[in-house]
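Engineer: Got a predicted model here, sequence first, then my questions.
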Amino acid sequence: MGRDVIIACDFSSRDSLKSFLQNFKNRKPFLKVGMELFYKEGPDMVKELKDGGYNIFLDLKLHDIPNTVYHAMKNIALLGADITNVHAAGGIEMMKQAKYGLTEGARGGAVPKLISITQLTSISEEVLHQELLIGSTLADTVKAYAQNTKIAELDGCVCSPFEAPIIASLGLLSVTPGIRLQGDSKDDQKRVTTPAMAKELMSTYIVVGRSITGAQDPLGAYERCVSEFIG
């Protein structure tokens, strides 16, 4: 997989997602399935999308004790997702166990890429210090979590596009949400960029939600993101 645009499918149901995908006709964009849709429709929907020819980023953000994450990842591996993730805040051993679980669960087949979440793009410097009581800067925290990710031998990190250069310097791929087309609302994201800026910042994948899913012409918005990010 090379650089790509991933659509954040933050829909409430399978029917809503199917209706949205009709805008793309024969196109098969890379899709992100997150908690809202997964907890409503379950793992069978992921298999259904894979059978339909879509690449899937299964965004469940696992964060638990290492043994629990290991067994959960063994089950996730059976769904055929292309990318999945954990919170780096769970520590190196938890991330290692996640990787072991995915590898064993794949049973010799393709192992999904496993990435860590460094800091959510809704986290600001103020929240980091005043609520999470982390004394380091946001950039230093992301770098430390990314270094732990590399030690655990994961494939990359979820991060803001602004931190993508840090991730690239470690030889890891970056999946960057917080992407908006020029003129769109930032909503609840704090650290946002355009697709063109994310390209300059060396993001590997960009995750685009409301700029596409809320557009009057979703296909046109998607193609604009592809043009700006991939060329």
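Structural biologist: All right, it came through fine. Quick caveat: nothing in here was measured; it's all calculated off a predicted structure.

Engineer: give the contact list for Ile230.
Structural biologist: Taking CB atoms under 8 Å, 6 or more residues apart in numbering as the contact definition, Ile230 lies against Arg3, Asp4, Val5, Lys199. From N, CA and C alone the C-beta is placed, and that goes for glycine too.

Engineer: Would you check which pair of those residues lies furthest apart?
Structural biologist: Comparing all pairs in those by CB to CB, the longest separation belongs to Asp4 and Lys199, at 11.8 Å.

Engineer: can you tell me how far Phe229 sits from Asp217?
Structural biologist: Remark: distance between Phe229 and Asp217 (CB to CB, to the nearest Å) = 18 Å.

Engineer: neighbour-wise, which of those two wins?
Structural biologist: For Phe229 versus Asp217, neighbours defined as other CB atoms under 10 Å are more numerous around Phe229 (21 against 11).

Engineer: can you pull out the helices in the chain?
Structural biologist: 14-21, 35-41, 43-51, 66-76, 92-106, 125-130, 138-151, 164-169, 195-200, 210-213, 218-229 (DSSP state H).

Engineer: show me what contacts Lys74?
Structural biologist: Gly101, Leu102, Glu104, Gly105.

Engineer: Mind checking which of these are buried?
Structural biologist: Gly101, Leu102, Gly105 (16 or more other CB atoms under 10 Å).

Engineer: Just give me the longest strand of the protein.
Structural biologist: strand 56-62 (DSSP state E).

Engineer: hmm, who's touching that strand?
Structural biologist: Residues outside strand 56-62 that contact it (CB under 8 Å, 6+ apart) are 6, 8, 30-35, 38, 46, 49-50, 69, 72-73, 76, 79-87, 90, 98, 112, 117, 175, 205, 207.

Engineer: out of those, which are buried?
Structural biologist: Applying 16+ other CB under 10 Å to these flags 6, 8, 30-34, 38, 46, 49-50, 69, 72-73, 76, 79-87, 90, 98, 112, 117, 175, 205, 207 as buried.

Engineer: Pull the contacting residues for the spatially closest residue to Glu163 that is not a sequence neighbour.
Structural biologist: Closest residue to Glu163 apart from its sequence neighbours, by CB to CB, 6 or more residues apart in numbering: Val142 at 4.5 Å. Applying CB under 8 Å, 6+ apart to Val142 gives the contacts Thr118, Gln119, Cys157, Cys159, Ser160, Glu163, Ile166.

Engineer: Now the last one: closest residue in space, sequence neighbours ignored.
Structural biologist: Once its chain neighbours are removed from consideration, Ile166 has its nearest residue in Lys143; the separation is 5.0 Å (CB to CB, 6+ apart).

Engineer: likewise Tyr222?
Structural biologist: Going by CB to CB, 6+ apart, Tyr222 has Ile212 as its nearest residue, at 5.1 Å.

Engineer: Ok, Ala8 next?
Structural biologist: Leaving out its chain neighbours, the residue that sits closest to Ala8 by CB to CB, 6+ apart is Gly209, at 3.5 Å.

Engineer: what residues are up against the one you found?
Structural biologist: So Gly209 contacts Ile7, Ala8, Asp10, Pro177 (CB under 8 Å, 6+ apart).

Engineer: surely the last one meets Ala8?
Structural biologist: Yes. A contact is recorded between Pro177 and Ala8 when judged using CB atoms under 8 Å, the distance being 7.0 Å.
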